[in-house]
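Participant: Provided below are the primary sequence and the corresponding predicted coordinates.
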Amino acid sequence: MKNSKKRKYVLILLIVLLLGLAVGYAAFSDTLKITGTATADGSFNMEFVTASCDITDGVGFDLDASEVVVSADKKTMTVSIVDLAYPGAGAEVSVVIKNNSLIPAKIKSVTPTGIEGNGVILIDGLEQITTSHPRINPLQTCEFTFTVQWDPNATDEIPTGKESCTFELDIEYEQDTESFTGTPSHTK
Amino acid sequence: MQKSKKFTIFLIIMITLFFLFCQNVLANFAEWYTYFIRPICFIGVAGIINILISSQLTMRKSRKDIVQYVVITNLIYIIIYLVSGIFPGFGNNPYDTSLKGIIINVLSNVPVIISLELMRYKLVNNVYKRDKKLIFVLVVIAFSVWDLNFRQFFGTTFVPYTIFTFIFYTFIPVLVENVLFTYVAQNGDFVPNIVYRAFYDMFIWTFPILPKLPWIFEAILSTILPFFLLLYIRYLVSKKDKNFIYMNIEEENPRGLLPFTVFLVFAIWFTLGAFPIKPIGVATASMYPAIEVGDMVIIKTVKPTTLKEGDIIAYKYNDTTVVHRIKNINKKENQDFVFVTKGDNNYFEDTKPVSQGQVVGKVLFRVKHVAYPTIWLHSLYTEREDVGVETGKDID
């Protein structure tokens, strides 16, 4: 068989295979594990820059033992708040994220995952980032804060008398193609 | 205008400066730059280059063959890329895959791709044969500057990990691709390069979900596939080029390397944990004699609810993966399982119980001593820290 004919058959086979994948995705999209945002080709990504935690009004947790750590690939952040002393005690976490690409992006959500604790922890303020910072321009940063608090209304008894919580944060984002306004770049 | 080495080098320098100007100055105009300024600038500069180097565009007879191989390579890449997502899972495509988003991305990026490749083609063919090697190298460097986008790299924190990922995830694949594109352009064509870049970009702009692969997998694919394509195009050129035939130079058909390369890629992916069954090297004697220092254990991803007392599991604890045996399983009402684990060679049970979310998988079997090189290499650049779990009694 001539080389050009072989190539044509290979091309057709690969195209059919790709179409089959697309059809398979459509058919099985409910069962596919789709979470968060993928990193497309490495040139479009949002990443955590820095993070820190501090005491909210009042006191209430072990600041020295608590930590907020950005992963080496900057895609996730681990928050660990240790020894919240009583219902209502809380920590304020400040985070800076950066759009390290040349594409304007908007944040869809910042979601806590893998929450380890006794179920009485409230994580508050994450949903506001989408309203307070609707867009992050290329190579610009954005800072937001949220609180991690022992539910003030919690009544369950904790054997140790203190409560700790560890979770990860994932950023979901997408390209922003709404008509731009020509306003200066977003810096905070 | 006659071909000229000095003038070509001058143009390459100017184009490199133009790339740097775009990335460091014009990019500050944010979305104006991405969607308007960049494509217009590139069309303008390509037009200037086209006027300054007015040689006729000569198309190789093998263009159709090369384009077909380019499309085949892209299809293979895309299929492997998508299928790989079955194991780690998929994420939403960050690009706007609506019709409006696709049109915006096409209109703002395709002119840049066409302009880039036209400029490359003009530059590499504006010298005589004796100067082609030098210009080849200079063009590869200049156009790699554009693809590398140093501003994004310098905008991050300089730690060994960042540098490591930059080299293997960005620098090497960019270099290989630019060698491929420049070689194709130098052998008389720029259309395959446009097809190569635009084909893959179209897939990225349109597919609603993408695999959440660790960067190392993409780095391997992005390096090996263009490299293979380069070898194959070189082989094609050698078969049809009269000089090669006259000098009786026969390039070896790289197809023979394909099975070995495929095996190598899958072996590397297996080692890096791409599949549900993955290897882990054991660095301590906490599970002696069942598992010894330097052994490799094969872990299978399982549902934590299927685990039983006595199973050996791997779990994440801080930044370490611990391989210990389950001593006890607790389950509170409406809550997940909690595992109490202990190393066979440890005095005490692990201080903190293991939650379901920490479980990596169950040990299927071990392979003796195979992991010694990895553990030795790891010990060279990592100081042993207190990992927070017992690491085994001394062995006589």
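Facilitator: Thanks, I have it. Numbering: from 1, shown residues only, chains lettered A, B, ... in the order given.
Participant: can you tell me the residue of the stretch 1-150 of chain B closest to chain A?
Facilitator: B:G91 (3.4 Å; Cβ to the nearest Cβ). Any C-beta I mention is one placed from the backbone N, CA and C, and that applies to glycine too.
Participant: Which strand residues bridge A:P112?
Facilitator: Note on A:P112: beta-bridge partners A:L169, judged by DSSP bridges.
Participant: quick one, what contacts whatever residue of chain A ends up closest to chain B?
Facilitator: Here chain A gets closest to chain B at one residue, A:A38, 3.4 Å apart by Cβ to the nearest Cβ. A:A38 is in contact with B:F90, B:G91, B:N92, B:N93, B:P94, B:I209, B:L210, B:P211, B:K212, counting by Cβ atoms under 8 Å, 6 or more residues apart in numbering or on different chains.
Participant: if we can go back for a sec, hmm, A:T35 and the residue of the stretch 1-150 of chain B closest to chain A touching each other?
Facilitator: Yes: counting by Cβ atoms under 8 Å, A:T35 is a contact partner of B:G91 at 6.3 Å.
Participant: okay, the two: which has more neighbours?
Facilitator: Remark: of B:G91 and A:T35, B:G91 carries more neighbours, 22 against 15, as counted by other Cβ atoms under 10 Å in any protein chain shown.
Participant: Now do the same for the more buried one: its pLDDT.
Facilitator: Predicted confidence (pLDDT) for B:G91: 86.
Participant: Pairing partners for the helix or strand hosting it, with directions?
Facilitator: B:G91 belongs to strand B:90-92 when elements are defined using DSSP states H and E. When pairs are called by DSSP bridges, strand B:90-92 turns out to pair with strand A:34-37 (parallel), strand B:209-211 (antiparallel).
Participant: Touching that strand from outside, list them.
Facilitator: A:32-39, A:172, A:174, B:208-212.
Participant: change it to 10 Å
Facilitator: A:25, A:29, A:32-40, A:108, A:170, A:172-174, B:82, B:85, B:207-213 (Cβ atoms under 10 Å, 6 or more residues apart in numbering or on different chains).
Participant: Show me which of these are buried.
Facilitator: A:25, A:34, A:36-40, A:108, A:170, A:172-174, B:82, B:85, B:207, B:209-213 (16 or more other Cβ atoms under 10 Å in any protein chain shown).
Participant: sorry, back to before: so how far is A:P104 from the residue of chain A closest to chain B?
Facilitator: A:A38 sits 18 Å away from A:P104 when distances are taken as Cβ to Cβ, to the nearest Å.
Participant: Return, as residue ranges, the portions of chain A with sub-threshold pLDDT.
Facilitator: Where chain A drops to pLDDT under 70, the residues are A:1-3, A:25-33, A:40-42, A:54-59, A:117-119, A:133, A:154-161, A:179-188.
Participant: how far is the strand holding B:G91 from where the chain is centred?
Facilitator: The chain centroid and the centroid of strand B:90-92 are separated by 18 Å, computed with Cα atoms, centre = their mean, to the nearest Å.
Participant: And the next helix or strand past it?
Facilitator: helix B:99-124.
Participant: helices or strands up against that following helix?
Facilitator: Using 3 or more Cβ pairs under 10 Å, 6 or more residues apart in numbering or on different chains; DSSP states H and E as the contact test, the elements touching helix B:99-124 are strand A:163-175, helix B:5-24, helix B:38-52, helix B:132-148, helix B:172-186, helix B:191-206.
Participant: Export only the CA atoms of the longest one, formatted as PDB.
Facilitator: In other words, helix B:5-24. Taking C-alpha atoms only, helix B:5-24 is exported to PDB below (Å, rounded to 0.1, in the frame of the first residue of the first chain):
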ATOM      1  CA  LYS B   5      23.900  37.200   6.600                       C
ATOM      2  CA  LYS B   6      24.600  40.500   8.400                       C
ATOM      3  CA  PHE B   7      21.200  41.900   7.600                       C
ATOM      4  CA  THR B   8      19.500  38.700   8.700                       C
ATOM      5  CA  ILE B   9      21.300  38.700  12.000                       C
ATOM      6  CA  PHE B  10      20.300  42.300  12.400                       C
ATOM      7  CA  LEU B  11      16.700  41.400  11.800                       C
ATOM      8  CA  ILE B  12      16.800  38.500  14.200                       C
ATOM      9  CA  ILE B  13      18.200  40.800  16.900                       C
ATOM     10  CA  MET B  14      15.400  43.400  16.200                       C
ATOM     11  CA  ILE B  15      12.700  40.700  16.300                       C
ATOM     12  CA  THR B  16      14.000  39.400  19.700                       C
ATOM     13  CA  LEU B  17      13.900  42.900  21.100                       C
ATOM     14  CA  PHE B  18      10.400  43.300  19.700                       C
ATOM     15  CA  PHE B  19       9.400  40.000  21.500                       C
ATOM     16  CA  LEU B  20      10.900  41.300  24.800                       C
ATOM     17  CA  PHE B  21       9.200  44.700  24.300                       C
ATOM     18  CA  CYS B  22       5.800  43.000  23.800                       C
ATOM     19  CA  GLN B  23       6.200  40.800  26.900                       C
ATOM     20  CA  ASN B  24       7.500  43.400  29.300                       C
END
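Participant: Pull out the buried positions in the helix or strand following that helix.
Facilitator: Next helix or strand after helix B:5-24 toward the C-terminus (DSSP H and E): helix B:30-32. Buried residues in helix B:30-32, defined by neighbour count with 16+ other Cβ under 10 Å: B:A30, B:E31.
Participant: quick check: mean pLDDT across helix B:30-32?
Facilitator: In this model, helix B:30-32 has a mean pLDDT of 77.
Participant: Test of understanding: give the bridge partners of the closest residue to chain A within the stretch 201-350 of chain B.
Facilitator: Residue nearest to chain A within the stretch 201-350 of chain B: B:L210 (3.7 Å; Cβ to the nearest Cβ). For B:L210, the beta-bridge partners under DSSP bridges are B:G91.
Participant: My understanding was that it contacts B:G85; is that so?
Facilitator: Yes: assessed by Cβ atoms under 10 Å, B:L210 is found in contact with B:G85 at 7.2 Å.
Participant: Which residues are in contact with each of those two?
Facilitator: A:I34, A:A38, B:G91.
Participant: Quick check: of these, which lies closest to A:M77?
Facilitator: Checking the shared contacts of B:L210 and B:G85 against A:M77 with Cβ to Cβ, the nearest one is B:G91 at 16.9 Å.
Participant: Tally up the residues packed near residue 132, please.
Facilitator: No chain in the question, so chain A it is. Neighbour tally, A:S132, other Cβ under 10 Å: 11.
Participant: my question was about chain B
Facilitator: 14.
Participant: swap in A:D124?
Facilitator: Considering only other Cβ under 10 Å, A:D124 is surrounded by 11 other residues.
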